[in-house]
Each structure stands twice: as structure tokens, then as C-alpha cells.
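Peer 1: When you get a sec, could you give me coordinates for this:
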Amino acid sequence: MIEDTRDRARDLLARAVDFHGHLGPFLVLGLRMGVLVHSILKPQKQDDLTANMFVRSDPPESCTVDGVQVSSGCTLGKGTIRISSSHNRVACEFRAADRACTIAVKTGILKALLGDLNKATDKQVLEMADNVLSRPDGELFEITSSL
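Peer 2: Residues are numbered from 1 along each chain as shown. Here you go, the predicted structure:
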């Protein structure tokens, strides 16, 4: 059974905001993805986990990468995360030893966030981030794994 990741993501939120520079829903999506992969793959050591992000190279979607770095421990500096350009999805393929999983933001969630961000005030952006933080994993993500 996969544990609920919301509490762990809340615990890491301040560190993610410090690292990234501001709070937004895509940072929180990345944060949730990294926490979720630890509950699925359960890597024995931090360096066992690698990530390949599929995301636009522009904000707001690219903000997801910083959330994944903070919560998964996969970083650009260590070379344990790669970024592949994708204009249609926000997803990450994670690997740990002989196990792998892909966590993808559901299409409806992605479209709703992008549409709402275009016209959102600063207060609304914070509310959107809080909404992403409080929703169950299953509402946000499609998860495929080979364990």
C-alpha cells in the first residue's frame, strides 16, 4: 500500500520555497512527486534514486523540477536528475535499482492549473498551491510502476 504523502510534503514545503524562491502549484506538484516516489520505490540509499523529468523548460511547468529536487534528493548537481523537454505533460520517470515508476500529472489537473494561472492574482496562486498540497495523490497523478 502506498502511504499518503500530504503530511511529508507539508513538512518539506518551507525548504522547497526557500530553494525555489516562491510558492506556486507547480512547485508543490514536484514536491509531491518526489515524496510519492519514496513511498513507492523505497530506495535504500539516496544515491540509488534517479529521475528523468518530462516538462516544458519554461515556468510555470519547469517549477516542478525544483520540487522534485527538494523532495526526492535527485539533483542536477549530482547528475541524478535529467530534464527532457515535453510540451504536453508534466511527468517523471524514477528508477531505484531494478525498480521503476512514472508519476505523471493528470491531464485535467495540468490543464486546469495552466488555465487558472493565466488570470490568477498572487493570493489565488497561493490558494492553488494549497489546493495541490491538500489533494490526495490519486486525484493529482497517474502512477505506473514496475516493481
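Peer 1: Strands of the chain, start to end?
Peer 2: Secondary structure of the chain (DSSP state E): strands at 49-55, 81-85, 91-96, 99-105, 141-146.
Peer 1: Please give me every residue in contact with the closest residue to L41 other than its chain neighbours.
Peer 2: By the measure of Cβ to Cβ, 6 or more residues apart in numbering, the closest residue to L41 outside its immediate chain neighbours is A96, 4.2 Å from it. Placement of C-beta: from N, CA and C, glycine included. By Cβ atoms under 8 Å, 6 or more residues apart in numbering, the contact set of A96 is 41-44, 48-50.
Peer 1: at 6 Å what do you get?
Peer 2: Applying Cβ atoms under 6 Å, 6 or more residues apart in numbering to A96 gives the contacts 41, 43, 48-49.
Peer 1: what is it paired to in the beta sheet?
Peer 2: Beta-bridge pairing of A96 under DSSP bridges involves L49, R99.
Peer 1: TSV please, covering the contacts of A96 and showing distance to C63 and neighbour count.
Peer 2: Output for the contacts of A96, formatted as TSV (distance: Cβ to Cβ, whole Å; neighbours: other Cβ atoms under 10 Å):
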residue	distance to C63	neighbour count
L41	23	20
P43	24	20
D48	26	15
L49	21	23
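Peer 1: contacting residues around stretch 32-52?
Peer 2: Under Cβ under 6 Å, 6+ apart, the answer for stretch 32-52 is 2-3, 5, 8-9, 68, 71-74, 80-82, 92-97, 99, 101, 103, 137, 145.
Peer 1: Now the terminal residues of it, how far apart.
Peer 2: 16 Å (Cα to Cα, to the nearest Å).
Peer 1: Any idea what the closest residue to A91 other than its chain neighbours is bridged to?
Peer 2: Spatial nearest neighbour of A91, excluding adjacent residues (Cβ to Cβ, 6+ apart): A104 at 3.6 Å. Bridge pairing for A104 (DSSP bridges) gives the partners A91, E142.
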